[in-house]
Every structure is written in C-alpha cells, then in structure tokens.
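Peer 1: Make a model of this:
(one chain, ligands or ions: 2)
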Amino acid sequence: MPTLDALRRLHPDIGSDYTIPQCWGRYAAAEHAIWRTLFERQLKILPGRACQEFLDGLGKLNLVSDQIPDFEELSEQLQALTGWRVVAVPSLVPDDVFFEHLANRRFPAGQFIRKPEQLGYIEEPDVFHDVFGHVPMLAHPVFADYMQAYGKGGQRALAEFGALKNLARLYWYTVEFGLIEQKDGLRIYGSGIVSSSAESVYAVESPSPNRIGFELERVMRTDYRIDDFQESYFVISSFEELFAETYKDFAALYAKLAAGETYKPGDVLPEDSVLTRGTHTYRAGSHTVI
Ligand code: HBI
Ligand code: FE
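Peer 2: Numbers count the residues shown, from 1 in each chain. Ligands and ions are numbered 1, 2, ... in the order given. Now for the predicted structure:
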C-alpha cells in the first residue's frame, strides 16, 4: 500500500484519515458508462440470487444505473436510514484507518472506477465494488450494526491482541463472500460476490464449492484465496444470528485460536455442517478468474 506521502502527490487534498474529495463533477462520461454497464449486468443476474435485504437496499438508496453516485447525496439517504455515511478514499487504506472509519459508521469507498478491460476482475476496491457491493447492506439496521462492531473489534484486535488475521477471515467469509439461507433458498449477501457477475452465478449454482454452515471459530481458522472463486462459502441463517454470534468479547477465543489449527480454503471437516459438498479440487494455475 502506498504511503500517505506517496498518495499526496496524486491527491493533494488527502486527509490523515485517507479521505479525499470525491470530485463527482470530474468523472468522464466514459466512466459513468462503465458504472452503467456493470450495474445493468448485475441487475439481470441478482434477482433470485442476492438476498432480499441487498435488493431492498438498492431501492431504498435510489441506487440506479445512470451514473456513478454522488457520495454526498448517497450519504444523506444512508444516514437517514442507519446513520452511516460514505467517504471517498483512493483505494485500500491501512487497517487501523479502515477500522477507525467503520467504528464511526463511515464506509470508505474507492473514488476511482475500473478501466474497461477490468470489467470482470479488479484487485483493488473501486467505486463499483465498494458502493454497489457494500453500501446496500449498510441500509439494513442489523448489518449496519455488525459492520460498526467489526470496526471496533478490529481496533481491539490491533491494539490488544495482534489477532488481525483471525478477524480478517471473519470479514472475508461474511461481509465479502457471505451466503445466507432464506426461505426461498440460498442467497448472496457478500459484496465480493454481488459485485462480480461470474461469481454471483458460481456462488449460488455451481456444484464446485463447499457450502458450510457458519461457525465463528471454524471461520476464524480458515485461510482464504484472493485470486480465484472461493472453494468454500459459509452460510448464515439470519443477520440477527450473525450479529449475536459475533457481538462478544473475543479475548478468550483469540487465545484459543493462537494454539490450534489453521484450515485450508477447501477443507471440509467431520464436524462441519455441510449444506453442499463441492466437487472442486484446486490445482494451482488451473483456473482463470473472469
Ligand atoms: N481498505 N478501502 C479499504 N477497503 C477494505 O475493504 C479494506 C481496507 N483496508 C484494510 C482491509 N480492508 C482489511 O484488510 C481489513 O478488514 C482486515
Ligand atoms: Fe470489499
């Protein structure tokens, strides 16, 4: 990650909290067109795949395909619903800065939009992943509280426990790649899935990945891949359950985790509650992400 000084050359107005002005008026027509392409593609794919809370969030926030949202307007709407705001950042920010924002109900969203050749995959979070992927769930009161609790937990994990890896796995397997079992079936709530057309289909329909009932300690012991579709997804039964399972003091759990095992992304354990067992065996280099 570039230092604040390095970022200051590109973004002279960057703050010590890494926020920058969105400068909405400076997006080119071609950049709004990329938003529109991605948005329309996802709207065709997500009904029947994304959870109702996500689709409701899009509606409540008036997120539309026309143009990249103005963060000020979006924040006014979101603040009225759950007290969250969206602030612009260049891209990834340091962990402590990220947690400080979340703990104060501010979601840091990448200001830039991906290039036309990156429609299928991008390494750093851009405005489409961050706003389309994350912000609709922040309009849901329980999920909004979960994200703030994660930020506060992150601050403690950094300051007191050195347990960031465990907590980052929780974020990965819930906020980014979470699935939920709803009355009509398995649905997506993870932002890394809802902002990816290929993984939106794969996560719900492919026989390849494992889908395993969410269990906090299990998730916190499981490594993840950042360069391919997930080999395992963890499935919650409600946002209330997710919040209740994670809104606790992790001190004893971190101590326990430090001693025990770490699982590989595709492992299935005898004690897992397996919803679907995957057919996928990962071979390095055998898979392309689209
Ligand atoms: N910064 N902008 C941004 N977005 C993220 O999702 C993010 C970040 N910095 C750190 C981070 N995520 C994670 O490493 C933590 O959740 C552990
Ligand atoms: Fe994300």
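Peer 1: Spatially nearest residue to the residue in the stretch 1-150 of the chain that ligand 1 sits nearest to (excluding sequence neighbours)?
Peer 2: Proximity of the stretch 1-150 of the chain to ligand 1 (Cβ to the nearest ligand atom) peaks at residue 98, 3.7 Å away. Yep, even glycine has a C-beta here, placed from its N, CA and C like the rest. Residue nearest to residue 98 in three dimensions, not counting chain neighbours: residue 108, with 6.4 Å by Cβ to Cβ, 6 or more residues apart in numbering.
Peer 1: in the sheet, who's paired with the one you found?
Peer 2: Counting by DSSP bridges, residue 108 is bridged to residue 87.
Peer 1: Make residue 1 into 11 and carry on from there
Peer 2: All set: I'll call the first residue 11, so the last point we hit is now residue 118.
Peer 1: residues contacting it?
Peer 2: When contacts are counted by Cβ atoms under 8 Å, 6 or more residues apart in numbering, residue 118 is found next to 28, 29, 97, 98, 99, 103, 107, 108, 111, 140.
Peer 1: List the contacts of the residue of the stretch 11-160 of the chain closest to ligand 1.
Peer 2: Going by Cβ under 8 Å, 6+ apart, residue 108 touches 118, 161, 164.
Peer 1: how close does the first one sit to residue 207?
Peer 2: Going back to what we said before, that points to residue 118. Plainly put, residue 118 is 24 Å away from residue 207 if you go by Cβ to Cβ, to the nearest Å.
Peer 1: Same check on the last one?
Peer 2: According to Cβ to Cβ, residue 164 and residue 207 sit 30 Å apart.
Peer 1: Between those two, point out the one with more neighbours.
Peer 2: residue 164 (23 against 17; other Cβ atoms under 10 Å).
Peer 1: Give me the buried stretch members for the host helix or strand of that one, please.
Peer 2: Residue 164 belongs to helix 151-166 when assigned by DSSP states H and E. By neighbour count on 16 or more other Cβ atoms under 10 Å, the buried set for helix 151-166 is 152-161, 163-166.
Peer 1: what's it packed up against?
Peer 2: Helices and strands touching helix 151-166, by 3 or more Cβ pairs under 8 Å, 6 or more residues apart in numbering; DSSP states H and E, are helix 81-92, helix 105-113, helix 145-148, helix 174-181, helix 249-256.
Peer 1: hey, which of these is tucked in deepest?
Peer 2: Of all the helices and strands packed on helix 151-166, helix 145-148 has the most neighbours on average by mean count of other Cβ atoms under 10 Å, namely a mean of 25.
Peer 1: Contacts for that one next, please.
Peer 2: Counting by Cβ under 8 Å, 6+ apart, 63-68, 71, 73, 84, 88, 92, 94, 96, 117, 119, 153-154, 157, 185, 199, 201 sit against helix 145-148.
Peer 1: Give the full set of residues in contact with residue 21.
Peer 2: Here residue 21 is in contact with 30, 100 (Cβ under 8 Å, 6+ apart).
Peer 1: Recalculate using a threshold of 10 Å.
Peer 2: 14, 28, 29, 30, 31, 33, 98, 99, 100, 121 (Cβ atoms under 10 Å, 6 or more residues apart in numbering).
Peer 1: Over to it: give its phi and psi.
Peer 2: Note on residue 21: backbone dihedrals following degrees, to the nearest 10 are phi -130, psi 80.
Peer 1: circling back: against residue 186, how distant is the residue nearest to residue 108?
Peer 2: 15 Å.
Peer 1: next one: residue 78
Peer 2: Relative to residue 186, residue 78 is positioned 21 Å away (Cβ to Cβ).
Peer 1: what does residue 143 give?
Peer 2: On the measure of Cβ to Cβ, residue 143 and residue 186 end up 8 Å apart.
Peer 1: check the contacts of residue 21 against ligand 1, which are close?
Peer 2: The subset of those lying close to ligand 1, counting by Cβ under 6 Å from any ligand atom, consists of residue 99.
Peer 1: now, which of the contacts of residue 21 lie within strands?
Peer 2: 98, 99 (DSSP state E).
Peer 1: Between the contacts of residue 21, which sits nearest residue 287?
Peer 2: residue 99 (39.3 Å; Cβ to Cβ).
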